[in-house]
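**Student:** Here is a sequence together with a model predicted from it:
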Amino acid sequence: MADVPAGLTWTRAAPEDAEGPGPWIEIAFGAGDLVHLRETGDPDTVVTTTRTKWDAFTQGVRAGEFDHFTEEAP
């Protein structure tokens, strides 16, 4: 795991009307092209990726490429 710089501004991915501690995913854009992700329940574990990979992931979400993960099993 890469060293996570101090002073990052974390943004929580939660519905606007969400209450309570989550768990939620948080994202912070770091120096250069680094993007950091963590879960509110385990903030010391941080996954770091690049902006290019993050943008590809978010485009896939918008295009519905991951919708099958939310479908209930028969």
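**Tutor:** Nice, thanks for sending it over. Being a predicted model, the structure only gives us computed values, none of them experimental.
**Student:** When you work out contacts or count neighbours from here on, use the C-alpha atoms and nothing else.
**Tutor:** OK.
**Student:** next one: the longest strand anywhere in the chain to chain centre, how far?
**Tutor:** Secondary structure assigned by DSSP state E gives strand 42-50 as the longest strand of the chain. Mean-position distance between strand 42-50 and its chain equals 9 Å (C-alpha atoms, centre = their mean, to the nearest Å).
**Student:** Show the subsequent helix or strand relative to it.
**Tutor:** As assigned by DSSP states H and E, the chain's next helix or strand after strand 42-50 is helix 51-62.
**Student:** Output stretch 15-23 as PDB, restricted to C-alpha atoms.
**Tutor:** Taking Å, rounded to 0.1, in the frame of the first residue of the first chain, the C-alpha atoms of stretch 15-23 are listed here in PDB:
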ATOM      1  CA  PRO A  15     -27.100   9.700  -0.400                       C
ATOM      2  CA  GLU A  16     -27.900  13.300   0.500                       C
ATOM      3  CA  ASP A  17     -30.500  12.200   3.100                       C
ATOM      4  CA  ALA A  18     -28.200   9.500   4.600                       C
ATOM      5  CA  GLU A  19     -28.000   9.400   8.300                       C
ATOM      6  CA  GLY A  20     -25.600   7.500  10.600                       C
ATOM      7  CA  PRO A  21     -22.000   6.400  10.100                       C
ATOM      8  CA  GLY A  22     -22.500   4.200   7.000                       C
ATOM      9  CA  PRO A  23     -20.400   2.300   6.100                       C
END
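**Student:** same question for that stretch, mean pLDDT?
**Tutor:** Summarised as a single mean, pLDDT over stretch 15-23 is 82.
**Student:** contact partners of it?
**Tutor:** Stretch 15-23 has contacts (C-alpha atoms under 8 Å, 6 or more residues apart in numbering) with 14, 39, 40, 41.
**Student:** so the third one touches residue 14, yeah?
**Tutor:** No. No contact is recorded between residue 40 and residue 14 when judged using C-alpha atoms under 8 Å, the distance being 10.8 Å.
**Student:** returning to what we had before: just the ones of the contacts of stretch 15-23 in strands?
**Tutor:** Checked against DSSP E, those include these in strands: residue 39.
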